[in-house]
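Student: how does the following fold in three dimensions:
(chains A and B)
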Amino acid sequence: MTSRGEAGSRDAGVRSDCWISVELRDGGGLELTVASKVASMYGARIRAQIEAGCRALGLEHARVEVDDKGAVPFVLDARLECAVRRADPGLSRVLLPDLRPCCAGPAVRRRLRRSRLYLPGSQPKLFLNAGLHLPDGVILDLEDAVAPAEKDAARALVRNALRVVDFGAAERMVRINQGERGLEDLDWIVPHNPHVILVPKVEDPAQVRAVAARVAAIRKKTKHAGDIFLMPIIESALGAWRAFEIAAADPSVIALAVGLEDYTADIGAPRTLEGRESFWARSQVVNGAVAAGVQPIDTVFSDVADEAGLRASCAEAKALGFVGKGCIHPRQIAVVHAAFAPTPDELAKAQRIVRAYEEAEAQGLGVVALGSKMIDAPVVKRAEGVLATALAAGLLPADWRESGNEGVAR
Amino acid sequence: MTKLVENAAGRLVPVEINGTPAVPYQGVGRYRPQGRKAAPPIRSCADYPADGDKTAPDLKTALQRAGLRDGMTIGSHHHLRNGDLVANQVFRAAAALGVRDLRWVPSAAFPCHAPLIELLENGVIHHIEGSMNGPLGDYCSQGRMRGMGVLRSHGGRWQAIQDGEVHIDIAVIAAPTADPFGNATGDRGPAACGLLGFALADSLYADHVIVVTDNLVPFPCIPWQIQGNNVDQVVVMDRIGDATKIVSGTTEITKSPDRLLIAELTARFCDEAGIVRDGFSFQAGAGGTALSFALFLRDIMRERRIKARFVRGGSTQYLVDMLEEGLTDYILDGQTFDLAGVRSMRENPGHVNTSPFTSYNWHGKGNFASLLDAVVLGATEVDVGFNANVVTHSDGRLLHGIGGWMNCLAGRCTILPVPSFRDRIPVLVDRVTTLCGPGELIDVVVTERGIAVNPQRRDLLEKLRGSSLPLRGIRDLKAEVEEIVGGPPAPPALGEKVVAAVKWVDGTVIDCIREVRG
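Tutor: Okay, here's the model as predicted:
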């Protein structure tokens, strides 16, 4: 009996990826053919890696064909495992690359989440340099960016990427699928140190709790010690209606995001640049998140070429109370960071307020005044928030009080 | 077997090329040849028509009248780039005349010249001395060419012709506009390409000069970059070039986020290293990353109200915009890449044509390249000693010409913005496959993973102290790349046969290229 599976692509435009075909047989041992664009440099290594992979997956009799277009090792492993699993859906073994130290950093609850860069989970060549563009977070997407037929491939690729790819200081996020498939995604992802799980199309706090429970169960089983946080995404009228309940559904929720493509479809209104149709939902998400003590995060801006539009969209999001925005292209990141940074005026004012407050406190005064104006507690709290953002973004030196530095907003 | 000796760069090079002795590379600025320049024979006006009409009926007749015979050397040029229709016809005419064993010395050969492989195979052409891009490079790599190829830079081609190292018997100059006397220009006509600088050396030193045009104008052709007084014959053809492949309508900047990051880091480096200041100069090519670099630099210049004195290089819409916006006084143009560049050269007195003589020739009384404050170039490989390769890939195959690359290394700060790896292939290596640029002349390597400054440039490192730029050691960058791609690449599988020699700017042999096996 023979059965065959293949993974990856051998189309003309493919780069930094590969195609692998596996035909399981009853006898005859392992027959391996490797064609590679980088054969003269890495042909022998590729062959050795595929042979070792076949052994690890328990393949004794098979015809394996590799058409490589310069895939790096973790991609070869993921494609091989996927091809074998497609030939033998009952495959229980996996092919895990060693966890690199750069992938072992812990999740942090309070941090800047101005930008999060979406990376389609089935396109590994986009993973390698994503961290170099310095996003606050990368999202390895298993959901909408992955075609239904490639969901299994994306799981193996994303899992391997979590163990191998250096995303720098970016928070490592994974967007899982909806429903039962999303819960299964967690089995693949949770043991490999993701920092945040994005839960799509949440309309019910029970969905968040189900994810949290599955995460907890996997962590217990695999003895994964670090925190794993959740970021539910609101993408419907019902979700928006329940924003607060969703944000407050579990202590592991750290942020609430809004996705407007699906939301506008749900309410039956065309999505406009001006965004009047989504004003209520966005505001509801901001208020629900803040009420639950988590960060409100805005949707993506989808016109990559329109830098001015992105800047305006970020300014509007900031004005509504959002602290971050989704990015679909690395060049959007710097624009988003600049837009969410405090302006020089905001920064200078916040420093004056905090100074005045600290001086008043030191002198034991009950009332804080700046010039002729009285300053009350919420204003101080807000100013402290501005300074915290500026400090985290590197716009203000940590010793700004001593240096008399007024901060430089870029 | 070719006898090889180790040169000053530690590379084994042939001491003889196609029967002529060759000098091994001796180090930067070491080789000082004596003697006088070559010169063409004395001619008399008595032998040329007094009415100035030098037209010949067709190319074949012109070649016959020029005395074409076996073993001669033919010069041609690449200003029509991949749209050139002339070189192929020259050799077809030679074949029709039954001539054999020609040496072809193009300033560069392009994929459009792939049909000449047939004439290499059947003996009409013996070998090529010139940049071989694409299929001809591949042909040479496979060891199929009878003679040894010789790769020279643009400046090196001028030097070789001027010094008499290469004697051109017949030069055929494709001219987008010319008059019957032989004056010619490249800035107008159906095949307008900008300038004709690559053909200038041939017009001065060749025994016989034929101008080929598809746009004959009455005397005088103004302006003339090629002077009719140096020209023997003029041939009119229906079409000398395919306009769509000569210059592009628009030159594209890169869309790759990683390349944009590299370009942005390069511009920031220039700024923080103090290079970007009033009256500075730079050279940038027409590659996607180099163009993006120019745009990031433009933004810095605008913001800080800085004006360059001159910009050198292949001109494009983007450089033209900078000239017209007043961000530079001059464009010193070595090769024009798009329609905007051609128009600007025609109309703007600040857009000046140059030649390998003015810009690049090492055996001259100075050249423009050494006056540049910053030079931005590509590379296929860079090693831990900052040595760079621009002609072969890591698998040993010859695929690119040197162009002006080697000559530009004379600039005050040479920067190579390159990806640290392409697909799985590292650009940062232990030892470059082919040495084209000695590390002592390469100051900075900018990759998407960080910037490596040559440790010899303590002045640059000093200026960048405290900078927020990602400065890193080149070995550190290389190690990171190897971690990603799964170790260093295996060395290329090469045969013993030397298929081409690489000449340094002074005519000495800096490295050679071996036959690729498999």
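
Student: got the residues of the stretch 251-400 of chain A near chain B?
Tutor: Within the stretch 251-400 of chain A, the positions lying close to chain B (C-beta under 8 Å from any C-beta of the partner chain) are A:His329, A:Pro330, A:Arg331. The C-beta positions use only the backbone N, C-alpha and C, and glycine is treated the same way.

Student: touching, the first one and B:Pro257? I think so.
Tutor: So that's A:His329. Yes. Counting by C-beta atoms under 8 Å, B:Pro257 is a contact partner of A:His329 at 6.6 Å.

Student: more neighbours: the two, which one.
Tutor: B:Pro257 (21 against 18; other C-beta atoms under 10 Å in any protein chain shown).

Student: how about the helices in the stretch 251-400 of chain A?
Tutor: Shown for the stretch 251-400 of chain A, the helices assigned by DSSP state H, counting those that start in this stretch span residues A:260-267, A:279-292, A:307-320, A:332-340, A:344-362, A:377-392, A:400-403.

Student: any chance of those helices in JSON lines, with mean neighbour count and mean pLDDT too?
Tutor: JSON lines is the format used below for those (neighbours: other C-beta atoms under 10 Å in any protein chain shown; pLDDT from 0 to 100):
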{"stretch": "helix A:260-267", "mean neighbour count": "17", "mean pLDDT": "94"}
{"stretch": "helix A:279-292", "mean neighbour count": "20", "mean pLDDT": "97"}
{"stretch": "helix A:307-320", "mean neighbour count": "16", "mean pLDDT": "95"}
{"stretch": "helix A:332-340", "mean neighbour count": "21", "mean pLDDT": "95"}
{"stretch": "helix A:344-362", "mean neighbour count": "16", "mean pLDDT": "88"}
{"stretch": "helix A:377-392", "mean neighbour count": "16", "mean pLDDT": "86"}
{"stretch": "helix A:400-403", "mean neighbour count": "12", "mean pLDDT": "78"}
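
Student: wait, which of the ones you listed is closest to B:Glu325?
Tutor: Taking C-beta to C-beta, helix A:307-320 is the member of the helices of the stretch 251-400 of chain A nearest to B:Glu325, at 19.8 Å.

Student: just the CA trace of that closest one, in CSV.
Tutor: Provided in CSV are the C-alpha atoms of helix A:307-320 (Å, rounded to 0.1, in the frame of the first residue of the first chain):
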residue,chain,number,x,y,z
GLU,A,307,1.7,56.9,4.3
ALA,A,308,-0.1,60.1,4.9
GLY,A,309,-3.4,58.2,5.3
LEU,A,310,-1.7,55.9,7.8
ARG,A,311,-0.4,58.8,9.8
ALA,A,312,-3.9,60.4,9.9
SER,A,313,-5.5,57.1,10.8
CYS,A,314,-3.0,56.7,13.7
ALA,A,315,-3.6,60.2,14.9
GLU,A,316,-7.3,59.6,15.0
ALA,A,317,-6.9,56.3,16.8
LYS,A,318,-4.7,58.0,19.4
ALA,A,319,-7.3,60.7,19.8
LEU,A,320,-10.0,58.0,20.4
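
Student: which residues sit against it?
Tutor: A:273, A:275, A:282-283, A:286, A:298, A:301, A:303, A:325, A:331-332, A:335-336, A:338-340 (C-beta atoms under 8 Å, 6 or more residues apart in numbering or on different chains).

Student: rerun at 7 Å
Tutor: A:273, A:282-283, A:286, A:298, A:301, A:303, A:325, A:332, A:335-336, A:339-340 (C-beta atoms under 7 Å, 6 or more residues apart in numbering or on different chains).

Student: what's the closest of these to A:Val108?
Tutor: Comparing those against A:Val108 with C-beta to C-beta places A:Phe340 closest, at 18.0 Å.

Student: ok, the closest one - contacts?
Tutor: A:Arg114, A:Cys314, A:Lys318, A:Val323, A:Gly324.

Student: also B:Gly274?
Tutor: By C-beta under 7 Å, 6+ apart, B:Gly274 lies in contact with B:Lys463.

Student: which element is it on?
Tutor: Take DSSP states H and E as the rule and B:Gly274 turns out to sit in neither a helix nor a strand.

Student: okay, now residue 80: neighbour count?
Tutor: Answering for chain A, as no chain was given. There are 27 residues near A:Leu80, going by other C-beta under 10 Å.

Student: switch to chain B, please.
Tutor: Neighbours of B:Leu80 using other C-beta under 10 Å come to 27.

Student: quick check: closest non-adjacent residue to the closest residue to chain B within the stretch 1-150 of chain A.
Tutor: Nearest residue of the stretch 1-150 of chain A to chain B (C-beta to the nearest C-beta) works out as A:Gly70 at 2.7 Å. The spatial neighbour of A:Gly70 that comes closest, neighbours along the chain excluded (C-beta to C-beta, 6 or more residues apart in numbering or on different chains), is B:Asp423 at 2.7 Å.

Student: pLDDT at B:Gly385, what is it?
Tutor: The model reports B:Gly385 with a pLDDT of 98.

Student: on that earlier part again, of the residues of the stretch 251-400 of chain A next to chain B, which is the nearest to chain B?
Tutor: Distances from chain B to those, taken by C-beta to the nearest C-beta, are shortest for A:Pro330, at 3.8 Å.

Student: the helices in the stretch 101-250 of chain A, which residues?
Tutor: Secondary structure of the stretch 101-250 of chain A (DSSP H, counting those that start in this stretch): helices located at A:151-164, A:179-189, A:205-222, A:237-241, A:243-247.

Student: so which of those helices is the most packed in?
Tutor: Of all the helices of the stretch 101-250 of chain A, helix A:151-164 has the most neighbours on average by mean count of other C-beta atoms under 10 Å in any protein chain shown, namely a mean of 25.

Student: for A:Met374, list each beta-bridge partner.
Tutor: When bridges are called by DSSP bridges, A:Met374 pairs up with A:Ala369.

Student: you'd agree it is up against A:Ala360?
Tutor: No. Counting by C-beta atoms under 7 Å, A:Met374 stays clear of A:Ala360, with 10.8 Å between them.

Student: quick revisit: going by distance to chain B, which of the contacts of helix A:307-320 wins?
Tutor: Nearest member of those to chain B, counting by C-beta to the nearest C-beta, is A:Gln332, at 9.6 Å.

Student: look up how far chain B lies from the nearest residue to that closest one once chain neighbours are set aside.
Tutor: Excluding its sequence neighbours, the residue lying closest to A:Gln332 (C-beta to C-beta, 6+ apart) is A:Leu310, at 5.8 Å. Going from A:Leu310 to chain B by C-beta to the nearest C-beta, to the nearest Å gives 15 Å.

Student: from A:Ala317, how far out is A:Leu310?
Tutor: 10 Å (C-beta to C-beta, to the nearest Å).

Student: and the pLDDT at A:His133?
Tutor: pLDDT, read off for A:His133, is 97.

Student: how about A:Asp376?
Tutor: 82.

Student: residues contacting it?
Tutor: Per C-beta under 7 Å, 6+ apart, neighbours of A:Asp376: none.

Student: how about the one 3 residues further on?
Tutor: Contacts here follow C-beta under 7 Å, 6+ apart; on that basis A:Val379 touches A:Ile353.

Student: go again with 10 Å.
Tutor: Shown in contact with A:Val379 (C-beta atoms under 10 Å, 6 or more residues apart in numbering or on different chains): A:Lys349, A:Ala350, A:Ile353, A:Tyr357, A:Val368, A:Leu370, A:Lys373.

Student: what is the nearest of those to B:Val418?
Tutor: A:Ala350 (42.7 Å).

Student: returning to what we had before: quick check: neighbours shared by A:His329 and B:Pro257?
Tutor: Common neighbours of A:His329 and B:Pro257, counting by C-beta under 10 Å, 6+ apart, are A:Leu117, A:His133, A:Val304.
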